[in-house]
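Participant: dropping a prediction and its sequence here:
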Amino acid sequence: MKRSRINAIMQEADAFMKLHGFHLPPFAYWTPEEWQSKGLEVREIVDNQMGWDITDFGQGRYEEIGLFLFTIRNGSLENLKTGKGKTYAEKVLISEVNQITPMHFHWHKVEDIINRGGGRLAIKLYNSTRDEKLADTAVTVSMDGVKYTFEAGHTVLLSPGESITLPTYLYHEFWAVDDKVLVGEVSKVNDDANDNRFLKPAGRFPEIDEDEAPLHLLIGDYAQYYNP
């Protein structure tokens, strides 16, 4: 992805979130120069991969296969092991109309996906087999505390205010319907480096063509700009 496109997506996303009354934390707006002045006091942000996250899943077609994310808070794997500190994470996502987030599941992360506003969010669901392929068995999920059972491959539609709990090993892909959707994600600690099982090969983070300077840093930029 071109850095200029990433910068534009950031600006568009920030405006869309504010339109829905959702505001990002202060560190979202630090410039690359400000990041270079930071010390150990911001280590939690870097170590736990909090911040801007824009991906085309390695496909080079962001408008068709892609997702905007911002990780607001996140614990560590050590927190999970000890049961102390933050054992949870929160993200805000923006899903565009017919923009697919590819079929995947998580080995360890249970997550609630919430429609915070905009259009409807479509989520296609499959159980996984022992060899991590799509199962043809019925899928049972909780939606806002109510249990539902659907046939394999069923597409759930979430209207604003509705949510679904996605357990481990449950394959899902999603996209917006009618209008783009502001999506909330509340989950166990998030580990994007090791806890995404895509049905088809996909890259989690984009390769970037640096055609202009970053507006704000992606989580993948921290190593270059943050050296306490």
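Facilitator: Structure's in. What do you need?
Participant: can we go C-alpha only for contacts and neighbour counts from here?
Facilitator: Will do.
Participant: which strand in the protein has the most residues?
Facilitator: Scanning the chain for the strand with the most residues, using DSSP state E, yields strand 170-188.
Participant: which helices and strands does it pack with?
Facilitator: strand 88-95, strand 101-105, strand 111-127 (3 or more Cα pairs under 8 Å, 6 or more residues apart in numbering; DSSP states H and E).
Participant: compare these and report which one is nearest to residue 215.
Facilitator: Proximity to residue 215 (Cα to Cα) singles out strand 88-95 among the helices and strands packed on strand 170-188, at 18.6 Å.
Participant: please name the strands paired to the closest one in the sheet, noting orientation.
Facilitator: Take DSSP bridges as the rule and strand 88-95 pairs in its sheet with strand 67-74 (antiparallel), strand 170-188 (antiparallel).
Participant: mind putting the ones you listed into CSV with mean pLDDT?
Facilitator: Below are those laid out as CSV (pLDDT from 0 to 100):
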stretch, mean pLDDT
strand 67-74, 98
strand 170-188, 98
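Participant: picking that back up, tabulate the helices and strands packed on strand 170-188 (JSON lines), appending mean pLDDT and distance to residue 55.
Facilitator: JSON lines is the format used below for the helices and strands packed on strand 170-188 (pLDDT from 0 to 100; distance: least, Cα to Cα, whole Å):
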{"stretch": "strand 88-95", "mean pLDDT": "98", "distance to residue 55": "11"}
{"stretch": "strand 101-105", "mean pLDDT": "98", "distance to residue 55": "10"}
{"stretch": "strand 111-127", "mean pLDDT": "98", "distance to residue 55": "18"}
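Participant: what about the strands in the protein?
Facilitator: Along the chain, counting by DSSP E, strands occupy 51-55, 67-74, 88-95, 101-105, 111-127, 139-143, 146-150, 155-158, 163-166, 170-188, 197-198.
Participant: for the longest one, list every residue counted as buried.
Facilitator: So that's strand 170-188. For strand 170-188, the neighbour count (16 or more other Cα atoms under 10 Å) marks 170-177, 180-188 as buried.
Participant: in a markdown table: the strands paired with strand 88-95, plus distance to residue 161.
Facilitator: Listed next are the strands paired with strand 88-95 as a markdown table, based on distance: least, Cα to Cα, whole Å:
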| stretch | distance to residue 161 |
| --- | --- |
| strand 67-74 | 19 |
| strand 170-188 | 10 |
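Participant: of all those strands, which lies closest to residue 85?
Facilitator: Per Cα to Cα, nearest to residue 85 of the strands paired with strand 88-95: strand 67-74, 10.3 Å.
Participant: just name the shakiest helix or strand of this protein by mean pLDDT.
Facilitator: helix 77-82 (a mean of 92; mean pLDDT, DSSP states H and E).
Participant: so what touches that one?
Facilitator: 85, 86, 87, 189, 191 (Cα atoms under 8 Å, 6 or more residues apart in numbering).
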